[in-house]
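# can't give you the sequence, but here's the structure:
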């Protein structure tokens, strides 16, 4: 019986082998892969990990900015018209990964110093600056002990200071020293130039003027921008604006040269606010006067300095030739940027009537185009 | 069964390995590509006829004509004393001593031009702008050791025509590709500076204290120095010559239309035109053309969107200033239609039709609805005079030419200059048959 059992088991084994062989044959013929659930899951997981790894490596290589000559704020969705901006509530889905928490640029104006205006004629901009501040009662009317001062310069282009396309380093140096002498704890200098920032600050002499006088130069970086919405603004809606340089600041001084501008007619103090915008801000050229007027509402400076020592009369805003300049030898310092620009326009051979953004800004309550009504102090040195 | 699984899994494994291998290959290729020079630069380099590789300067051993015999710099990588290899910047122009790049080249197209020149881009974009290449260069003094006295260094720059006394001097070169020579002339003429000096470096060129501007075929070039000095002027000139020599066979712009601006008063007796003598009778020396003022406006001339490709020129007639304009149109009808539409445009902006003097061109038919200017000739198709904003504007068509006078406070001046302009077109136009009414 045992032999029978053994024989039977052998027979059964043989049957099984045959059955398996049959299965094998069947599987080979049908090309089916016969794996169990564990093997399937194992392979699936390994495949998934491999795919995910490749995807992760690809993501690391991803350059959202793409090839471009401009290094700042170019990883934005390309907006082709103001209409599309307005229809999307002005959203600029740009590099700003900041939350859209509401923030505003603080109002740095001093109510007691409202409506002050000094116009000084002279060839030396450092001396005219001294005279203008003295005429306004002295710098201590504006800068106090312990103040942190931010100077917003115009460093738009990487050009030589002799072209008067940017804030002149001499007057910047002077202003920094004056601020420190008045007790400022810290002075910062910033702008978001149109050209490469490092080149702009270097070649304009602004970097040297800043550092040699102990101020801090803040170059714009992507993470320094945060979306801002101007109340009742039509254009500045959820738009990246330079924020970080304002951290801890108690006083703001805006310094700009007087320039012709191909689009807006003039580039002076109000236009200087353009240097706080990020993103593809050139889209605003389509409505240049409105954007300048909104910038005027967005930025409330403690003091503004408009340099008309050498005025760029033509071919602005870049100029390029010394023959574009006229030695108007005038410096305008005040607290009403509209009035300051209004007078500045006369040095360009224009009036505020030729510059709609001045009229819009005045209508918005930023200041007055009637600079004479402020009874400016006019000096010559 | 295990045997069957092994076969299948080997097949699977092979396929998997192939796929993974492909992915790794792609990753490596991407990794390498990230560190390659921007391919767009190579494309632009080829368009500028520069070496198609990585824009390494390909120095020529022989100088072109008119270039000073300056020693050339080997711009291969320099090994510093520390053993660190300093990589030189590429250049958008062939470099000669003592130039070397101060910054990397920059390239801009229609979408990015404003990133460089901001609002001024609007001067270029509608005028056929294609691309801008620009770069800054500095100038250096070269010192070498002589063979005769190894302890003595010789300032090579002193032996060459080029000296650099301003160590801070740098120059920026702007190369605007405007597609056509008409366009390059247009942007050149629209930005011409007053008190500039015409130079001989190109057919259309001028310089100021610190800048040089010129047209070379379809290129408009600006060279701007960081200071005003003789070194700057010499450097800009040398750089310009390099560019011109390296871009030969670019035809100078042929301007036939500006030849129609009269340079001296025309006596009507020489024309055989049946006009009253006084209409052309002005002192020959009283008509003065400012040749440097000749400008081409490619679009929206005078605020009228239909006015494109209009040449203008500034005149002084008996001491009174005026601006003349001429444009060559595609047909007689187009010229006539545009003249009529422009006069209506002025009327719509508050202009008033002007009563023309008897026997002046078009005097018998100065209504804006009239299409016939002269009763005795079909030369001037239409002629309109408008007074607007205390100035006078005349516009007329003569054959395929649209022409006129504007920005003058004197009706007499406008009338006289318009007559002179009409006469000059009649004399010089190559399409005289059309002008004579033999359409």
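Okay, I see it. The shown structure was predicted, so the numbers you read here are calculated from the model rather than taken from an experiment.

# contacts and neighbour counts: CA atoms only from here.
Noted.

# what ranges does chain A have for its strands?
Secondary structure of chain A (DSSP state E): strands located at A:117-121, A:148-152, A:186-190, A:216-218, A:225-228, A:239-242, A:251-261, A:265-267, A:303-312, A:325-326, A:330-334, A:377-380.

# what's in contact with the fourth one?
Counting contacts by C-alpha atoms under 8 Å, 6 or more residues apart in numbering or on different chains, the residues outside strand A:216-218 that touch it are A:186-191, A:207, A:210-211, A:245.

# closest point of the stretch 151-300 of chain B to chain A, which residue?
Nearest to chain A in the stretch 151-300 of chain B, going by C-alpha to the nearest C-alpha, is residue B:226, at a distance of 5.2 Å.

# from what I can see that residue touches residue B:169, true?
Yes: Residue B:226 is in contact with residue B:169 according to C-alpha atoms under 8 Å; the separation is 5.8 Å.

# those two: which is more packed in?
residue B:226 (23 against 20; other C-alpha atoms under 10 Å in any protein chain shown).

# now do the phi/psi pair for that one.
When read as degrees, to the nearest 10, the backbone of residue B:226 gives phi -80, psi -10.

# for it, what are its contacts?
Going by C-alpha under 8 Å, 6+ apart, residue B:226 touches A:159-160, A:162, B:169-171, B:210.

# let's have these in JSON lines, adding distance to residue A:379.
Listed next are the contacts of residue B:226 as JSON lines, based on distance: C-alpha to C-alpha, whole Å:
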{"residue": "A:159", "distance to residue A:379": "31"}
{"residue": "A:160", "distance to residue A:379": "29"}
{"residue": "A:162", "distance to residue A:379": "25"}
{"residue": "B:169", "distance to residue A:379": "36"}
{"residue": "B:170", "distance to residue A:379": "37"}
{"residue": "B:171", "distance to residue A:379": "38"}
{"residue": "B:210", "distance to residue A:379": "32"}
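
# what segments of the chain are helices?
This is for chain A. Assigned by DSSP state H, the helices in chain A fall at A:2-30, A:37-61, A:82-87, A:125-135, A:169-181, A:197-203, A:206-212, A:269-272, A:288-298, A:337-347, A:356-363.

# wrong one, I was asking about chain B
B:2-34, B:39-47, B:114-117, B:121-124, B:156-159, B:181-190, B:230-246, B:332-348, B:411-428, B:432-435.

# ok, of those helices, where does mean pLDDT dip lowest?
Per-segment mean pLDDT for the helices of chain B reaches its minimum on helix B:156-159, at a mean of 40.

# what pLDDT does residue 359 get?
Answering for chain A, as no chain was given. 98.

# not quite, I wanted chain B
For residue B:359, the model assigns a pLDDT of 46.

# give me the below-cutoff pLDDT ranges for chain B.
B:1-8, B:35-88, B:141-166, B:253-254, B:267-285, B:356-382, B:429-439 (pLDDT under 70).

# what residues of the longest strand belonging to it count as buried?
In chain B, taking DSSP E as the definition, the longest strand is strand B:287-297. For strand B:287-297, the neighbour count (16 or more other C-alpha atoms under 10 Å in any protein chain shown) marks B:287-289, B:292-297 as buried.

# would you format the strands of chain A as CSV with mean pLDDT included?
Listed next are these as CSV, based on pLDDT from 0 to 100:
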stretch, mean pLDDT
strand A:117-121, 98
strand A:148-152, 98
strand A:186-190, 98
strand A:216-218, 98
strand A:225-228, 96
strand A:239-242, 96
strand A:251-261, 98
strand A:265-267, 97
strand A:303-312, 98
strand A:325-326, 97
strand A:330-334, 98
strand A:377-380, 98
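
# can you redo those strands as CSV with mean neighbour count?
Shown next, in CSV, are the strands of chain A (neighbours: other C-alpha atoms under 10 Å in any protein chain shown):
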stretch, mean neighbour count
strand A:117-121, 25
strand A:148-152, 25
strand A:186-190, 23
strand A:216-218, 19
strand A:225-228, 25
strand A:239-242, 26
strand A:251-261, 26
strand A:265-267, 24
strand A:303-312, 27
strand A:325-326, 20
strand A:330-334, 27
strand A:377-380, 14
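
# could those go into CSV alongside distance to residue A:137?
Below are those laid out as CSV (distance: least, C-alpha to C-alpha, whole Å):
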stretch, distance to residue A:137
strand A:117-121, 10
strand A:148-152, 19
strand A:186-190, 21
strand A:216-218, 27
strand A:225-228, 35
strand A:239-242, 31
strand A:251-261, 16
strand A:265-267, 28
strand A:303-312, 13
strand A:325-326, 30
strand A:330-334, 11
strand A:377-380, 11
